[in-house]
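Participant: Just need the structure, nothing else, for what follows:
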Amino acid sequence: MMLPNPAAKYRPTPVVQISNRSWPDQTLTTTPIWMSSDLRDGNQALIEPMSLEKKLRFFEMLVKIGFKEIEVGFPSASQTDFDFVRMLIDEKRIPDDVSIIALTQSREALIDRTIESMLGAKRAIVHLYNSVAPAFRHIVFKMSRAEIKALAISGTQRIKDLTGAHPETVWRFEYSAESFSQTELDFSKEVCDAVSAVWQPTPACKMIINLPATVESSTPNVYADQIEWMHRNLAQRDAIILSVHPHNDRGSAVAAAELAMMAGADRVEGCLFGNGERTGNVDLVTLAMNLYTQGVHPGLDFSDIDSVRRCVEECNQIPVHPRHPYVGDLVFTAFSGSHQDAIKKGLAQQQADTNWEVPYLPIDPADLGRSYDAVIRVNSQSGKGGMAYLLEQEYGLSLPRRLQIEFSRAVQATTDRTGGEVAAQDIYAIFKQEYLARTTPYAYQAHRMEEDSAKAEAVQIEIDIVQSGKQMALAGGGNGPIDAFVNALGLDIQLMDYHEHAIGSGANAQAVCYVELRLDNGPTLFGVGLDGNIVTASFKAVLSAVNRHLALRQREQALATQG
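Facilitator: Presented below is the predicted three-dimensional model:
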């Protein structure tokens, strides 16, 4: 079965006739006025709308983030919404600099109920809407253009009369030409101009004209053209805040909002993480953080983005996708080995207070309160950079490059066998088993050492070890502790490389040593030792490498016998 031919069924959105459009040459350098519709548009899209307690929790979170305009409900259509608006006002829960917004259709009884719900608020915006699109005029309302315009005018006049009787509140007015993006531009302008003529805004006391893409039906550039046309042609433009409300039916709401801002929009309405009817409203978090990554502070605080996500998920009862921009569990995660290596190198070189330049990471996770331990994760597609980064971040182990390569094979063997992801603690368990727990056949117990720089063998050592279950005391000398220790063992050992560093500080500090050596002219292998004493750690590292050599030899002999 195939999709039918769309040509006879779907028509492309007409091109806007606009000359010398300016938006393609613009750069976003300023922050819009943000309006959260989570408690209205977002709430009405939920399978189970929020309770009063959840709405209050959400409202307080929006205030904390920094929203100054919050649409708190549709009080004329819902008793719960009415009660919530009254609770906010009566319990004085609205900060003085925050305006609450209530939506209403252009019907007298609904307008009256809406104003009633908002009485006593210090700042309030009454949000009037009616649909102006041809499909609604012909199918839903069966009204002419003149009748649709008259509906908008009568609603505006009613709101003006009622709010004028209550000067104790700073009233503002918003008009939404619903389904603007599917409406003839000349008619949208005609209705909006008629509404503003009634309200009589001034540059000092502006009204809001909101132009929604109630259904996203075109590419973002067409929406931008529509917004620029209105921006150029609206009457009383200097007394109007031009607002947009993009939906995400085509998956382009963020791009549409950005281009609309370039085209002259002053204000954006949306929801956190894109909740809303059908495919949702524009995602205000993504939009805000996109500005942030371009050096423009959005004026909203997402420095603890995980707590914002938890609140939204618990109130909406909708999980945020793990790949959701900026906040998803996996968006700062790299599984690919080459990605991990590049991120590890970038983080190592990144300096504080310099331009962010880490491969594959468009933003510093720390700015959002995300920790670096979530940046790199390891599965069967990962490489040495990932597991090395996690060991360093979680356990303080800074593995030499060749040890990273060697150890990655052990991790790879585990991920190939399990087919899943391995966390930092899993990687450390593999590391511990492979290097730190190697006590067969040789296990360190104690040592005693004397130093005399005047002698050819400056260090003399006595060591107590267990070899294949037997207690042994060995002695030897050399030009340093490790040389003396190797000589005391009496094995054919060639020391190839040595690294050491401290883990922690003060009385609880530990020393870790990485020793690369050959045994009996075999391959080079690493051993690792961990101890509070640096010399003891180095001895343990030598025995770790020797034990790994002998274990490898035993495995090879067993395979040869089987063959």
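Participant: helix, strand or coil for the nearest residue to residue 489 once chain neighbours are set aside?
Facilitator: Excluding the flanking residues, the one nearest residue 489 by C-beta to C-beta, 6 or more residues apart in numbering is residue 474, at 6.6 Å. C-beta coordinates here come from the backbone N, C-alpha and C atoms, glycine included. Under the three-state scheme (DSSP: H, G, I helix; E, B strand; the rest coil), residue 474 adopts strand.
Participant: Same check on residue 117?
Facilitator: helix.
Participant: Please renumber the chain so that the first residue is 5 from this point on.
Facilitator: Got it, the first residue is 5 from now on, which makes the last one we talked about residue 121.
Participant: Which elements pack onto the lengthiest helix in the chain?
Facilitator: Under DSSP state H, the helix in the chain containing the largest number of residues is helix 538-566. If contacts are counted by 3 or more C-beta pairs under 8 Å, 6 or more residues apart in numbering; DSSP states H and E, helix 538-566 sits against strand 446-455, helix 485-493, strand 497-507, strand 514-523, strand 529-535.
Participant: what's the closest of the ones you listed to residue 283?
Facilitator: Nearest of the helices and strands packed on helix 538-566 to residue 283, taken as C-beta to C-beta: strand 497-507 at 49.5 Å.
Participant: Can you list the strands that the closest one pairs with?
Facilitator: Sheet pairing of strand 497-507 (DSSP bridges) gives strand 514-523 (antiparallel).
Participant: Who are the contact partners of the closest residue to residue 87 other than its chain neighbours?
Facilitator: The shortest distance from residue 87 to any non-neighbouring residue, by C-beta to C-beta, 6+ apart, is to residue 56 (6.5 Å). Residues near residue 56 by C-beta atoms under 8 Å, 6 or more residues apart in numbering: 84, 87-88, 91.
Participant: Tell me the one of the residues you listed nearest residue 359?
Facilitator: Relative to residue 359, and with distances defined as C-beta to C-beta, the nearest of the contacts of residue 56 is residue 88, at 44.8 Å.
Participant: Enumerate every residue touching the closest one.
Facilitator: Counting by C-beta under 8 Å, 6+ apart, residue 88 touches 43, 56, 59-60, 76-77, 79.
Participant: any chance of the residues you listed in a markdown table, plus secondary structure?
Facilitator: As requested, the contacts of residue 88 are exported to a markdown table (three-state DSSP):
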| residue | secondary structure |
| --- | --- |
| 43 | helix |
| 56 | helix |
| 59 | helix |
| 60 | helix |
| 76 | strand |
| 77 | strand |
| 79 | coil |
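Participant: who wins for neighbours among the contacts of residue 56?
Facilitator: residue 88 (24 neighbours; other C-beta atoms under 10 Å).
Participant: okay, the spatially closest residue to that residue that is not a sequence neighbour: pLDDT?
Facilitator: Nearest residue to residue 88 in three dimensions, chain neighbours excluded: residue 59, at 5.1 Å (C-beta to C-beta, 6+ apart). As predicted, residue 59 sits at a pLDDT of 97.
Participant: With residue 563 instead?
Facilitator: Reported pLDDT for residue 563: 85.
Participant: And for it, the neighbour number?
Facilitator: 9.
Participant: Show me the shaky parts of the stretch 205-354 of the chain.
Facilitator: 339 (pLDDT under 70).
Participant: repeat that for 80
Facilitator: Along the stretch 205-354 of the chain, the model assigns pLDDT under 80 to residues 334, 337-341, 344.
Participant: coming back round to it: pretty sure the residue nearest to residue 493 contacts residue 492?
Facilitator: Yes. Judged on C-beta atoms under 8 Å, residue 478 makes contact with residue 492 at a distance of 4.4 Å.
Participant: Please say which of those two ends up with more neighbours.
Facilitator: When residue 478 and residue 492 are compared for neighbours, residue 492 comes out ahead with 21 against 16, by other C-beta under 10 Å.
Participant: Let me see the contact set for the residue nearest to that one when sequence neighbours are not counted.
Facilitator: Leaving aside its sequence neighbours, residue 492 sits nearest to residue 480 (C-beta to C-beta, 6+ apart; 3.0 Å). Contact analysis of residue 480 by C-beta under 8 Å, 6+ apart lists 464-465, 488-494.
Participant: Which parts of this structure are strands?
Facilitator: Taking DSSP state E as the criterion, the chain carries its strands at 37-40, 73-77, 103-109, 127-135, 174-182, 211-217, 244-250, 271-274, 446-455, 463-471, 474-482, 497-507, 514-523, 529-535.
Participant: got those strands as TSV, with distance to residue 374 columns?
Facilitator: Output for the strands of the chain, formatted as TSV (distance: least, C-beta to C-beta, whole Å):
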stretch	distance to residue 374
strand 37-40	22
strand 73-77	26
strand 103-109	32
strand 127-135	34
strand 174-182	35
strand 211-217	31
strand 244-250	27
strand 271-274	22
strand 446-455	41
strand 463-471	47
strand 474-482	49
strand 497-507	24
strand 514-523	28
strand 529-535	30
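Participant: Of all these, which one is nearest residue 316?
Facilitator: Here strand 37-40 is closest among the strands of the chain (C-beta to C-beta), at 10.9 Å.
Participant: What strands flank the closest one, and is each parallel or antiparallel?
Facilitator: Strand 37-40 has these strand partners (DSSP bridges): strand 73-77 (parallel), strand 271-274 (parallel).
Participant: which residues touch it?
Facilitator: 66, 70-75, 105, 245, 247, 270-276, 288, 292, 302-304.
Participant: about what we covered before: of all the helices and strands packed on helix 538-566, which lies closest to residue 317?
Facilitator: Here strand 497-507 is closest among the helices and strands packed on helix 538-566 (C-beta to C-beta), at 36.9 Å.
Participant: could you give the angle of that closest one to helix 485-493?
Facilitator: 140 degrees (axes from the mean of the first three to the mean of the last three C-alpha atoms, to 10 degrees).
Participant: mind listing what's buried in stretch 80-95?
Facilitator: 80-82, 84-86, 88-90, 92-93 (16 or more other C-beta atoms under 10 Å).
Participant: mean confidence score for it?
Facilitator: 96.
Participant: Low-confidence regions, the stretch 5-154 of the chain specifically.
Facilitator: 5.
Participant: Run through the stretch 455-567 of the chain and note the low-pLDDT ranges.
Facilitator: If you take pLDDT under 80 as the line, the stretch 455-567 of the chain has these spans: 460, 566-567.
Participant: can we see that at 90?
Facilitator: 456-462, 500-501, 508-512, 525-528, 559-567 (pLDDT under 90).
Participant: Right, I'll leave it there.
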